[in-house]
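Structure here, sequence nowhere to be found:
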Ligand code: BES
Ligand code: ZN
Ligand code: ZN
C-alpha cells in the first residue's frame, strides 16, 4: 500500500530491475543509484525521488545512496556546450521509514572527498603544477583545520631530498613536498604517503606518445592522500595521521637527471639511476625516509607506480605489498568491504637481487625485461621504510583511472584509495 500511495501522484516513474535477490548487495545497489541519477540528469530532471523500503537489505542504505549520487554525477569537462554538464540534479528525496540521516552525512563526506581527489587527478598538468597542488592542499588545511607544512625547492634542497629534487630538475616547474597532520588522538602514528608526479613524460628515458597520454594522472597517490586527510578532518576518528605528498613533474628538460647518475636520498642511502622513468620510487624513497621523523607505527604509501602492475592485475585490483601479514589481510578485507579491491603480490628476498647496483646501495630498475616490475618496485621501496614500522604499498596504476562509465565510476579519475 505504501508503494501504491507513492506511485499514485508521480508523473514519471523509473522502474529499476535489480536482478536476483541473493546476488543483491550494497555495492551493486550503490552502482545502480549512480546509474539512476545519471538517467534522470539525461532526461533533464532537476530532482527525483527514490523509494527505498522494498529492498532486501537491513543495512543502512543512506550512505550507499549518497555515494551513488555524488560519485555518479561527478563530471570533469571543459566542453563549451556540454549538455550533461549544463543539467543539474539539485534535490534527491528518499522515501523510507528507516532513519538514513547519519548514513547520508557519512556518504556525502566520503564522496565529496573522493570527488576532490578525482578533480586533482583529472586536472591537466599545465594547470595543476606542484605549486598549484600545494595551494589546493593549503585550502583544505585551512578549511578543515589541519596543520600543514609546504616545503619549496629550497627547503627540499636543504633537507637533502635529493631524489625528489633530481626528478624535478628536467622541468621548469618547482617541486613541492607537503606534510599534512590530523591530530585526533590515539596512541599510534599512521603515515600516509602519496606519489605526486604532476606529469610523467619518462624524463630523458622518454615514453612513447601513446604511453604518455594518461600521465597527468600520475599524481593519483598524492591526490588520494589529500582526500583521505580531508575525510579524517570531517569524520574525526580518534587517530593520529600524517599525510606526506611528494610533488614534481618528470620532464626531459636541459637540467634533467640522467641514467648513470647516483643520488643520495634523504636517509643517506644511495641510488643508481638506470631508468629515469622509474621516478615514482625515487620521490617515495625520500618521503619514506622523511616519515621516520614521525616515528610511525604504520606507513601506507599509494602510487601509480608501475605499468607491470596493470599487466599483472588489470584494472579492477590494486597491487598490495607489505611487511606484515595481518596488515595485508586487513587491507584485503577493507578492499572487499569498500569495493576498492586490492590483491596481495609476493615480496620475498629473491627480488632484492634484481635491484642490486654495482656502484650504489640500490638501483632504480629491476631489469630491462620488466619481469616482476611491480614487485621489484615494491622491493625498492621496502629499503626506505622506517625500522619498526609496519608498512603497506598500494600500486594503484591500474585502478586510479577508469576508461568506462560504470556505476559510481565515470570516465577518468576514480578516486581509488
Ligand atoms: N607512472 C608510471 C607507471 C604507470 C604506467 C602508471 C601506466 C599508470 C599507467 C611509472 O612512473 C613508470 O613509468 N613506470 C615504468 C617503470 C619502469 C621504467 C621500470 C613502467 O611501468 O613502465
Ligand atoms: Zn615513470
Ligand atoms: Zn610515474
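In hand now; what should we look at? Bear in mind that the values here come from a model prediction, so they are computed numbers and not experimental data. Numbering: from 1, shown residues only. Ligands and ions are numbered 1, 2, ... in the order given.

Now do the contacts for residue 351.
Contact analysis of residue 351 by Cβ atoms under 8 Å, 6 or more residues apart in numbering lists 366, 372, 375-376, 378-379. (Each C-beta comes from the backbone N, C-alpha and C, glycine too.)

Also residue 413?
By Cβ under 8 Å, 6+ apart, the neighbours of residue 413 are 76, 117-122, 217, 220, 223, 400-402.

Also residue 299?
Per Cβ under 8 Å, 6+ apart, neighbours of residue 299: 190-193, 288, 291, 385-386, 389-392.

same question, residue 185
Here residue 185 is in contact with 238-240 (Cβ under 8 Å, 6+ apart).

which ones among these are found in strands?
When these are checked against strands (DSSP state E), the matches are residue 240.

What about the contacts of residue 185, which one has the most neighbours?
Within the contacts of residue 185, most neighbours by other Cβ atoms under 10 Å means residue 240, with 19 neighbours.

doesn't residue 190 make contact with that residue?
Yes. The pair residue 240 / residue 190 is scored as a contact, 6.7 Å apart, by Cβ atoms under 8 Å.

need the residues of the stretch 101-250 of the chain near ligand 1, please.
For the stretch 101-250 of the chain, the residues in contact with ligand 1 (Cβ under 6 Å from any ligand atom) are 200, 218.

Do a quick rundown of the helices in the stretch 101-250 of the chain.
Per DSSP state H, counting those that start in this stretch, the stretch 101-250 of the chain carries helices over the ranges 101-122, 130-144, 153-159, 162-168, 209-212, 220-235.

Let me have the ones you listed in CSV, adding mean pLDDT as columns.
Formatted as CSV, these follow (pLDDT from 0 to 100):
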stretch, mean pLDDT
helix 101-122, 97
helix 130-144, 98
helix 153-159, 98
helix 162-168, 98
helix 209-212, 98
helix 220-235, 98
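
Turn those into TSV, columns for distance to ligand 2 and mean neighbour count.
Listed next are the helices of the stretch 101-250 of the chain as TSV, based on distance: least, Cβ to the ion, whole Å; neighbours: other Cβ atoms under 10 Å:
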stretch	distance to ligand 2	mean neighbour count
helix 101-122	16	21
helix 130-144	16	18
helix 153-159	19	15
helix 162-168	9	27
helix 209-212	9	10
helix 220-235	13	26
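
Turn those helices into JSON lines, including distance to residue 409.
Below are the helices of the stretch 101-250 of the chain laid out as JSON lines (distance: least, Cβ to Cβ, whole Å):
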{"stretch": "helix 101-122", "distance to residue 409": "10"}
{"stretch": "helix 130-144", "distance to residue 409": "23"}
{"stretch": "helix 153-159", "distance to residue 409": "35"}
{"stretch": "helix 162-168", "distance to residue 409": "30"}
{"stretch": "helix 209-212", "distance to residue 409": "22"}
{"stretch": "helix 220-235", "distance to residue 409": "14"}
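
and which of the contacts of residue 299 is nearest to ligand 3?
Distance to ligand 3 across the contacts of residue 299 (Cβ to the ion) is lowest for residue 193, with 14.6 Å.

In contact with the closest residue to that closest one other than its chain neighbours: list those residues for me.
Nearest non-adjacent residue to residue 193, counting by Cβ to Cβ, 6 or more residues apart in numbering: residue 301, 4.0 Å away. By Cβ under 8 Å, 6+ apart, residue 301 lies in contact with 192-195, 221, 284, 287-288, 381, 391-394.

which residues touch whichever residue of the stretch 1-150 of the chain sits closest to ligand 1?
Going by Cβ to the nearest ligand atom, ligand 1 is nearest to residue 121 of the stretch 1-150 of the chain, at 11.3 Å. Listed by Cβ under 8 Å, 6+ apart, the contact partners of residue 121 are 217, 219-220, 223, 400-401, 412-413, 415.

Kindly report the same for residue 134.
150, 176, 178, 247.

Ligand 2 contacts on this structure?
Residues of the chain lying close to ligand 2 (Cβ under 5 Å from the ion) are 200, 277, 279.

what number of residues lie near the closest residue to ligand 3 within the chain?
Nearest residue of the chain to ligand 3, counting by Cβ to the ion: residue 200, 3.7 Å away. Using other Cβ under 10 Å, residue 200 is surrounded by 26 other residues.

before we move on, the earlier item: among the contacts of residue 299, name the buried ones.
190-193, 288, 291, 385-386, 389-392 (16 or more other Cβ atoms under 10 Å).

Out of those, which comes closest to residue 72?
residue 192 (26.4 Å; Cβ to Cβ).

Would you agree that closest one is in contact with residue 228?
Yes. Between residue 192 and residue 228 there is a contact under Cβ under 8 Å: 6.1 Å.
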